[in-house]
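Chemist: Pasted the sequence and its predicted model underneath.
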Amino acid sequence: MSNRRILIAGNWKMNGLLADSVALGRDLAARWAAGPRPDRDLLICPPFPLIAPVAAALAKSEIEIGAQDCHPAPSGAHTGDVAAPLLADLGCGAVILGHSERRADHGESDALVKAKAEAALSAGLTAIVCVGETLAEREAGHTLDVTLGQLRGSLPDGANPATVVIAYEPVWAIGTGRVATPAQAQEVHAALRAELIELLGESAAAATRILYGGSMKPDNAADLLALPDVDGGLIGGASLKAADFWAIACAGL
Ligand SMILES: O=C(CO)COP(=O)(O)O
């Protein structure tokens, strides 16, 4: 049993309108108030324009608010982008960076993800740095090369267990209902932690949280969260239903 505190983070992606998103936030806050509460960190990352209203809906709970991306620069002429200091100002505690959908949709490189993560740290945000292989890469036997390479390339300078969380999200498991088996997840998580020993040293690696993401649901979360190197979940589809997110937050307790 590690002493890493489990983090259950919801990534709402590009879903929701104002009223239903506020209702979802209120539903989660009500579940928090009613208890029993999991002794775990909980985080919700809505689309940018919903951060402030959802943060207000969550205000009476200890469920944290976060974002799904930031720009590497702290301000400036970058139309359509959002700076990390603004996210912090809005109450965000964390930001997801290098998600495979951003790497694919926006051509984000490891170097860009690293620069964004450094901007997040400078703004006082926790950077949740995502890595993960495609199905073709897994079938070609390149899972560890790809994920460890992304980790080396994307980890910000100055990373430490308080400011950086790693998320392993196999691309083939995202939104597909095809979840990694516990053995597949544990193999990659253990390899990521071994690489973190090289990058950060033994004690920092032992204290750094590594989340699993990819079709995590109420019925598979307990098995994944019980793995020795899985320290939480990054939840997509199931985070859009309060009952499912709450069930995952409480899974295995
Ligand atoms: O990409 C994910 C979270 O960032 C996972 O999404 P799903 O839970 O919908 O598979």
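Modeler: The structure has been received and is ready for your questions.
Chemist: what's near enough to touch whatever residue of the chain ends up closest to the ligand?
Modeler: Among all residues of the chain, Gly236 sits closest to the ligand, at 2.2 Å; criterion: C-beta to the nearest ligand atom. Placement of C-beta: from N, CA and C, glycine included. By C-beta atoms under 8 Å, 6 or more residues apart in numbering, the residues touching Gly236 are 11, 13, 174-175, 213.
Chemist: Show the pLDDT at Met1.
Modeler: Per-residue pLDDT puts Met1 at 47.
Chemist: Use 20 as the first number for this chain going forward.
Modeler: With the count now opening at 20, the last piece we talked about shows up as Met20.
Chemist: Does Leu243 touch Ser234 like I think?
Modeler: No. With contacts defined as C-beta atoms under 8 Å, Leu243 does not count as touching Ser234, sitting 10.1 Å away.
Chemist: hey, what's in contact with both of the two?
Modeler: Taking C-beta under 8 Å, 6+ apart as the criterion, Leu243 and Ser234 both touch Val198.
Chemist: Spell out which parts of the stretch 120-269 of the chain neighbour the ligand.
Modeler: Residues of the stretch 120-269 of the chain lying close to the ligand by C-beta under 6 Å from any ligand atom are 188, 193-194, 232-235, 253-257.
Chemist: Show only the entries of those residues found in strands.
Modeler: Of the positions in those, 232, 253-254 sit in strands, assigned by DSSP state E.
Chemist: Which one of those residues sits in the busiest neighbourhood?
Modeler: Ile254 (28 neighbours; other C-beta atoms under 10 Å).
Chemist: Verify the stated contact: it with Ile27.
Modeler: Yes. Here Ile254 reaches Ile27: they are 6.8 Å apart, a contact under C-beta under 8 Å.
Chemist: can you list residues touching both of the two?
Modeler: By C-beta under 8 Å, 6+ apart, the residues touching both Ile254 and Ile27 are 264, 267.
Chemist: number of nearby residues for Asp100?
Modeler: 13.
Chemist: Enumerate every residue touching it.
Modeler: Here Asp100 is in contact with 89-90 (criterion: C-beta under 8 Å, 6+ apart).
Chemist: Let's verify it: helix, strand, or coil?
Modeler: Classification of Asp100 by DSSP: H, G, I helix; E, B strand; the rest coil places it in coil.
Chemist: now do Val184
Modeler: What three-state DSSP gives for Val184 is strand.
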